[in-house]
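> everything below, folded, please.
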Amino acid sequence: MDDAVTDRPSRREPRPTELDRAQATALLAVVVFAVAAQVVAPPWVKVVAAVVVVLVAVGLGVRVWRDRTGRWR
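Numbering: from 1, shown residues only. Below you'll find the model as predicted:
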């Protein structure tokens, strides 16, 4: 029977801070782009890449904080 029908929790629930495959792939692409932009790019691209890296770090930090504290559910 489906767990949703019986209202029983699943046997193994995923950890809330785990990234799924799509998120991990997107994060890897952003990091590779940002590193490449720091090496071979005009100054304005370096600034944009640095801002993107900071936003990704803040976003992941907020996600971990949210999942650990149980807020925003």
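> okay, CA-based contacts and neighbour counts for the rest of this
Fine.
> below-threshold pLDDT in the protein: ranges please.
1-20, 72-73 (pLDDT under 70).
> list the buried ones in whichever helix in it runs longest?
Criterion DSSP state H: the longest helix present in the chain is helix 43-69. Judged by neighbour count (16 or more other C-alpha atoms under 10 Å), helix 43-69 contains these buried residues: 46, 49-50, 52-53, 63.
> packing partners for that helix?
helix 21-39 (3 or more C-alpha pairs under 8 Å, 6 or more residues apart in numbering; DSSP states H and E).
> tell me what angle the helix it packs on forms with helix 43-69.
150 degrees (axes from the mean of the first three to the mean of the last three C-alpha atoms, to 10 degrees).
> dump helix 21-39 to PDB, keeping only the CA atoms.
Extracted as PDB, the C-alpha positions of helix 21-39 are listed here (Å, rounded to 0.1, in the frame of the first residue of the first chain):
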ATOM      1  CA  ARG A  21      20.900  15.200  -8.700                       C
ATOM      2  CA  ALA A  22      19.600  18.200 -10.600                       C
ATOM      3  CA  GLN A  23      20.600  20.700  -7.800                       C
ATOM      4  CA  ALA A  24      24.000  19.200  -7.600                       C
ATOM      5  CA  THR A  25      24.500  19.400 -11.400                       C
ATOM      6  CA  ALA A  26      23.400  23.000 -11.400                       C
ATOM      7  CA  LEU A  27      25.600  23.900  -8.500                       C
ATOM      8  CA  LEU A  28      28.600  22.300 -10.200                       C
ATOM      9  CA  ALA A  29      27.900  24.100 -13.400                       C
ATOM     10  CA  VAL A  30      27.700  27.500 -11.600                       C
ATOM     11  CA  VAL A  31      31.000  26.800  -9.700                       C
ATOM     12  CA  VAL A  32      32.800  25.700 -12.900                       C
ATOM     13  CA  PHE A  33      31.500  28.800 -14.700                       C
ATOM     14  CA  ALA A  34      32.500  31.100 -11.800                       C
ATOM     15  CA  VAL A  35      36.000  29.700 -11.600                       C
ATOM     16  CA  ALA A  36      36.500  29.900 -15.400                       C
ATOM     17  CA  ALA A  37      35.300  33.500 -15.400                       C
ATOM     18  CA  GLN A  38      37.800  34.400 -12.700                       C
ATOM     19  CA  VAL A  39      40.600  33.100 -14.900                       C
END
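> alright, calling it a day.
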